[in-house]
Structure formats: structure tokens, C-alpha cells
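J.: No sequence on hand, only this structure:
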């Protein structure tokens, strides 16, 4: 199997009546399902219709709510030789959608008729495009011969990044990239034929599409799906589906495991049996050792093995998966001394500071070549030395889709499916005993008092408040409003915490004291926010730059805050509108 269409054809021919997809309405009742034969038939039917309007290698934006229609449209685009551009069907993402349409040069948007009409009306795109309602009208004067065979080097989709630190970019992924990554995931996860996977992750996101949907199909198994909303409204639905369908593999970002511990009651978990769950992968954001320990302890009585927890690391530019834990061995957690500019003296703490506990993102395998390089010199660094993570291999994208401003046409790099590619990830990490530890992003670096700080550094000072803040999100950023870098902390409060003004004042004082004692850092501002107040990307990451902008415009609404006098004067003067540029 060289391409994704080869994959569906193989199973449609050899196991036509086997169930390929199941969608759970409200995360509980089976709303729809498709066999491999039905998936191919519906996809090819739609592919012929799509080719009536646009030619091969055109870009089609797939705009669907959670459900099986998106998957049919995705494979239809592949059969038609059209480049798929998955996007969320949500009003708050309309601005990004408009930018994606322009950047990709899409000539078609396909989605449910009622939603499509609303989006078309609100966007008012000033360019010729086909807006194709789904279900689409039947094809006319077309045959299967119009659907040319796909090649490994053909572009399958543009996976637009979440844009946490800048504009969203369209990552080019070929059939060869995706199939190589599917083999990598299968080998590292130990997946067998007939795999059952459960996912509530958004289908337009790389973790949801590549890991949650395509991996079970790659193994000729079944992908059991529900909407993200169904999980967030009632988290037990995720674990109940894993139990009901005896899923071998399912996963999510770190925050989802915290939600399960915090919001699933003892009564709700009575019907859950997690003995079949062998790979509980955790990725897409920083993996916290405390989260994994809480989750393993809580659900051990429901049959979950501690060895099932599977931290991993990946990025869209490498299709998805790069490294992961050794199956069945559980997470590797080690302590390091953060204070020596990441000297990485394992299990040492010479100055009596609280050590930084890091969870390994897995072992480096032969599928990819991972090296740590000096961001300035690009020289390869030895083990236990912090640097930028570089990834080479067949899963790595040929590059980003880019618009040619001069000609008005879209251009992309030459594609050669046989050549391994390289990506400089902008992620910072180090290798210790053959395992990759991810520390943060180079974009997140804060230079303060001649020292470099990264997000994990601040977890040292905040770890004393874990019970109080209960795994709440927090960000630290530097503002230049006063003409020099000043650090500000914004932290979400546990919904169950006492939010009386006097108590919040105590929290602010204690946090400031902790930063001074643990890190020798003087904060210039502390904000305590309601739960879920920090702006997030569609993939669940905090939009640090956006929140810094809101802070500098004095547009935040904290439950309580303390700001130094100099910084307060600048905020009250409205200086945020013309704040100095940040490095």
C-alpha cells in the first residue's frame, strides 16, 4: 500500500463488509457507521462530482461538523486527485478560514448546505469559487476513468498549523509522508490488524486525523468517533466508549487526562472497564508527570495498566508522530536541575532548589533521525545538552504551501517522495539515555536579567500550588511597556477554589514570594483568572501572544491582580496600543 487510496481499496476488496467507521451521537449512541465498501463507494461517487468542477491538484476546503461526512469528503478529494484542506466549521474561526482560503488558493469549498450558505454569506469572498453542498448532486458524464491512480509523491492535504506563535501555515503532506507515518505509529504503538481506536479529537487537527482516524483504517480496523463537545460536556463518555468497544488505542492532549480525573465521579466510573486499553497516548502539549500519576492511580481500579500511558512527541511538519514511549513500560520521569542553564545533571540538586521533573517524550527509533543542534551554529550537540530538535525522515513534509505574491499563483517546493526531508522544529529539548525530553519552544524563550527562561522553568515555582490551582493553565510573558522586560504571570483558578478577595490576595502574595525564593525572579504582575479564561487554539494550546496583547491593551478581566506601580501607570495611560515591538 503506497497511498491512502490504495489502503481503502485493499480493505474494500478484502474485507468489504467490515466496519470501518462509527460515529457516536452525543458520545453515546451509534448515529452512523460505514463499512470499507461503503466508504469507498461514497467517496468515489463524490470524487467524480468534485472533478466536474475542478481539475487535479486543485485545493478543496473541507468544512464539516464532527461526523462521518467529513471522512467521506476527505477520501473523495484523495480519489479525485484534489488536495484536501480540512478546516473547522465554527464561527469563531471564520477569520482564519478566510486566510486559509486565500493562502491555499482553494477553488472549492464543500460542506453541509445550510452551514455553507451562512459561511459564504459572512465571508463574501471576492474571488471565483465553487461552493459545493453536501450531499452533492450526482455526477454526470463522468466515469471511474476520470480518477487517475495516485502516486506516493502526490500531495494529499494541506495541514494548517494552529498558529500559537504566529500565522497559521499550510504544511504539505504527501501520500508517502502519511503512509510512512502510519507505519511508524503502528510499529511503535504495537498495533495489530483489526485495531479498534476511539477518538474525540477534532478531525481537522493532525492528531485527530492522522492518529485518531487514519491509524485504525491503516490496520483494517474501526475508528470509533465522537465530537470534542461530547467529551468536554461529559468526559466519562470518552472512557465509556473505550470500555464499550474494547479499544486498544486512544489518546488526547495532557489536559484531557486532568479533566477525566477532576470531573468523572465515582458513580460514573462504575460501568467502565479499561483492561483492553493498551496504548493511552498523550501528546500535542507539554506532558506533566503529575497528570499521568493522578490518572494512573485514579483508574487503576478500573483495570487501567500504568504501562498503558504513552507520552509521545510530534508535529504537523513531520506528519504527526516522531517519538513515543516503549509500549507497556509506561512513562519515563526524571528530575533535573534547572538552575545551571540546563546542565542536565540527572537526579541532582546541588543547591537545594526544587528539581524540575520532566516526562520523556519517548525513545528515538530507526523510523526517524532525531538530533539536537545548536540554534545558532547548527552544530550537533551531545547528549544532555539543550538545543533545537531536528527531525529527518520520510514522514517529514516537503515544506509549507506558499502564495507567490508577484504572480498571484500558489507555489510549492518540488516533491520527490524518495528523498527524506528535514525540519527544524523550533522545539527545544535534549536526549538523555536515548530518550527525548522536550523543554519548550524557542519562540517561548524569555530573556530576563541575562537569563533564558522557558515555560517548564516556571512550573518549578508553581508546583507548590498544584493542589490549590489543580492543574490549571498558567502563562508567563515579558512585556516592554515600561521600556524594559517585565515578567507577568496569568494563571487560571481552580473552579472549586475559594475565590473570595482576601483569599485571592493571599494567592498572589504567595506566588510572588515563590518566584522570588525558587527562581530569584521578581514578577511585575500577577493575574488570577477564571477557569478557561486564557485564549486557546483549536488544538488546545494557549495563545500566549494574543493574551500578552490583551494585557498590554488593559483589556483583561481577572478575578484579582497585582501590578507594579510603573507598569500600572503605563497600562492606565493606554500605552498598550503603541507598545514597543517585542523581540
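T.: The structure has been received and is ready for your questions. None of these values were measured; they are calculated from a predicted model.

J.: tell me which element residue 567 is part of?
T.: Using DSSP states H and E, residue 567 sits within helix 565-572.

J.: Mind checking the pLDDT average for that helix?
T.: The average pLDDT within helix 565-572 is 85.

J.: So what touches that helix?
T.: 479, 481, 482, 486, 488, 524, 525, 552, 554, 563, 576 (Cβ atoms under 8 Å, 6 or more residues apart in numbering). For every residue, glycine as well, the C-beta is placed using N, CA and C.

J.: any idea which of those residues has the most stuff around it?
T.: Neighbour counts for those, by other Cβ atoms under 10 Å, peak at residue 552, which reaches 25 neighbours.

J.: And the helix holding residue 567, how far out from the chain middle?
T.: 36 Å (Cα atoms, centre = their mean, to the nearest Å).

J.: what's the closest of the contacts of helix 565-572 to residue 183?
T.: Comparing the contacts of helix 565-572 against residue 183 with Cβ to Cβ places residue 488 closest, at 45.1 Å.

J.: buried ones in the helix holding residue 567?
T.: 567, 568, 570, 571 (16 or more other Cβ atoms under 10 Å).

J.: helices or strands up against the longest strand anywhere in the chain?
T.: For the chain, the longest strand by residue count, based on DSSP state E, is strand 421-432. On a contact count with 3 or more Cβ pairs under 8 Å, 6 or more residues apart in numbering; DSSP states H and E, strand 421-432 meets strand 369-373, strand 387-393, strand 435-441.

J.: Compare those and give me the one nearest residue 222.
T.: The nearest among those, by Cβ to Cβ, is strand 387-393 at 28.6 Å.

J.: Can you name the next helix or strand after the closest one?
T.: Next along from strand 387-393, by DSSP H and E: strand 400-403.

J.: Which strands or helices does that following strand pack on?
T.: Partner elements for strand 400-403 (3+ Cβ pairs under 8 Å, 6+ apart): helix 94-104, strand 170-174, strand 410-411.

J.: mean confidence score for the longest strand of the chain?
T.: 86.

J.: Helices along the stretch 1-150 of the chain, start to end?
T.: 4-14, 36-53, 68-80, 94-104, 113-123 (DSSP state H, counting those that start in this stretch).

J.: Go through the ones you listed and name the closest to residue 362.
T.: Nearest of the helices of the stretch 1-150 of the chain (Cβ to Cβ): helix 4-14, 25.2 Å.

J.: The closest one to helix 68-80, inter-axis angle?
T.: 110 degrees (axes from the mean of the first three to the mean of the last three Cα atoms, to 10 degrees).

J.: mind checking how far helix 4-14 is from the chain centre?
T.: The answer for helix 4-14 is 28 Å, by Cα atoms, centre = their mean.

J.: That one packs against which elements?
T.: helix 36-53, helix 68-80, helix 175-189, helix 215-218.

J.: can you pull the buried residues of the longest one?
T.: Buried positions in helix 36-53, judged by neighbour count with 16+ other Cβ under 10 Å: 36-40, 42-53.

J.: Mind listing residues that contact that helix?
T.: Under Cβ under 8 Å, 6+ apart, the answer for helix 36-53 is 8-9, 11-12, 15-18, 20-21, 34, 60, 71-73, 75-82, 107-108, 110, 130, 132, 134, 136-140, 142-144, 146-147, 220.

J.: Over to the shortest one?
T.: For helix 215-218, the external contacting residues (Cβ under 8 Å, 6+ apart) are 7-8, 11, 20-21, 179, 182, 185-186, 189, 191, 195-197, 222-223, 249.

J.: same thing but at 6 Å, please
T.: 182, 185, 195, 197, 222, 223 (Cβ atoms under 6 Å, 6 or more residues apart in numbering).

J.: burial of the first one, as a residue count?
T.: This means residue 182. Residue 182 has 25 nearby residues by other Cβ under 10 Å.

J.: Show the model's pLDDT score for it.
T.: 97.

J.: Equivalent analysis for the fourth one, please.
T.: What the model reports as pLDDT for residue 197 is 97.

J.: residues touching it, list them.
T.: Residue 197 touches 216, 223, 247, 249, 250, counting by Cβ under 6 Å, 6+ apart.

J.: Okay, and it sits in which element?
T.: Going by DSSP H and E, residue 197 is part of strand 196-199.

J.: what mean pLDDT does the helix or strand immediately after that strand in the chain have?
T.: Next helix or strand after strand 196-199 toward the C-terminus (DSSP H and E): helix 206. For helix 206, mean pLDDT rounds to 90.

J.: Hmm, residue 401 is touching residue 170, no?
T.: Yes: the pair residue 401 / residue 170 is scored as a contact, 3.7 Å apart, by Cβ atoms under 6 Å.

J.: any common contacting residues for those two?
T.: In contact with both residue 401 and residue 170: residue 158, using Cβ under 6 Å, 6+ apart.
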